[in-house]
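Undergrad: Sequence and predicted structure are below.
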Amino acid sequence: MTRTPIVAGNWKMNKTPPESLQFVRDLLPKIETFGTVEKVVAPTYLSLTAVASALQGSPVKLAAQNGHWEASGAYTSEVSVAMLRDYVSYVIVGHSETRAYLNETDESVNRKAKAVLAKGLGVIIAVGESLEQNDAGQTESFVSGQVRAALDGVPAGDMARVVIAYEPIWAIGTGRSASGELANTIIASAVRDTISDMYGQTVAEAARIQYGGSVKPSNMAEFMSQPDIDGALVGGASLDVNDFASLIEIASRVKGS
Ligand code: PGA
């Protein structure tokens, strides 16, 4: 089973609209030859429409960093998936920062994931354990539970548009990444096996699963060479256009068909 690698840059609360535009203009000529990798950038909401125009006809896809399940209404500060659908290909849901700072729960992650899929978009669902859970040996059961909760009620037919990003919280923005081998073990046992339990082996083997947490050009090959890791969700290193292009190049070299 070949799975198309997917490298996504999560810009978090970084880059103004002019900076976002400059980034994608600089990026496009650098990645022309890495056709076998799916490339995604996730600017802030404020930059989405301008970046969407700049990316038209290019191989780089756009993601939103969040999205509300209701189409419209009295939800101050929110942007709905229905509003995003004309601009983005993916919506990221369940990032540990939205879980920690914006009250995201397994239940809201599930509602958002279903709303994204219902609109025909792809969803990147982030899961991952805290340092305390890791130290207590709870990683596998916790991550598996997050996957199960996020996918509750998602039909098998939508699974081709689901990407799971396994991001141990202790590795995000800390410079302390998991080892490739450890990340692969959790991804295989807690993510892919859970999908297999829920949907069967064929769906599980086709499912794309990213690693995230302090991914950078110097450790990208270690992650990409793991059998169950199909790409990366990248924060810090995705803000630098040369680093991001280099991550795509490495993904293409190690796993591009
Ligand atoms: P990082 O962030 O690459 O800066 O660790 C990853 C993420 O939050 O998706």
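TA: Nice, I can see it. Numbers count the residues shown, from 1 in each chain.

Undergrad: hey, which helix or strand in this structure has the poorest pLDDT?
TA: The weakest-scoring helix or strand in the chain, judged by mean pLDDT, DSSP states H and E, is helix 131-135 (a mean of 95).

Undergrad: Quick check: buried residues in that one?
TA: 133-134 (16 or more other C-beta atoms under 10 Å). C-beta: built from backbone N, CA, C; applies to glycine.

Undergrad: Say whether the ligand is contacted by it.
TA: No - contact of helix 131-135 with the ligand (C-beta under 6 Å from any ligand atom) is absent, the minimum separation being 13.9 Å.

Undergrad: who's in contact with that helix?
TA: 139, 142, 168-170 (C-beta atoms under 8 Å, 6 or more residues apart in numbering).

Undergrad: okay, those in TSV with distance to residue 82 and pLDDT next?
TA: Shown next, in TSV, are the contacts of helix 131-135 (distance: C-beta to C-beta, whole Å; pLDDT from 0 to 100):
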residue	distance to residue 82	pLDDT
139	35	97
142	32	98
168	32	97
169	30	95
170	35	92
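
Undergrad: which residues touch stretch 168-185?
TA: Contacts for stretch 168-185 (C-beta under 8 Å, 6+ apart): 96-97, 128-131, 134, 139, 166, 186, 211-215, 219, 222-223, 225-229, 235-236.

Undergrad: Could you write me a ChimeraX select line covering just the buried ones among these?
TA: What follows is the ChimeraX syntax selecting those of the contacts of stretch 168-185 that are buried according to 16+ other C-beta under 10 Å:
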select :96,97,128,129,130,134,139,166,186,211,212,213,214,215,219,222,223,226,228,229,235,236
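
Undergrad: Excluding chain neighbours, give the residue nearest to the closest residue to the ligand within the stretch 101-250 of the chain in space.
TA: In the stretch 101-250 of the chain, the residue that lies nearest the ligand is residue 235 (2.4 Å; C-beta to the nearest ligand atom). Distances taken as C-beta to C-beta, 6 or more residues apart in numbering place residue 10 nearest to residue 235, at 5.3 Å, with adjacent residues excluded.

Undergrad: Now do the same for residue 88: helix, strand or coil?
TA: coil (DSSP: H, G, I helix; E, B strand; the rest coil).

Undergrad: How much space separates residue 119 from residue 125?
TA: Using C-beta to C-beta, to the nearest Å, residue 119 is found at 15 Å from residue 125.

Undergrad: So these two - more neighbours on which side?
TA: Shown here are residue 119 and residue 125; by other C-beta atoms under 10 Å, residue 125 has more neighbours (26 against 20).

Undergrad: How about the residues of the protein by the ligand?
TA: Counting by C-beta under 6 Å from any ligand atom, the residues of the chain that sit close to the ligand are 10, 167, 172-173, 212-215, 233-237.
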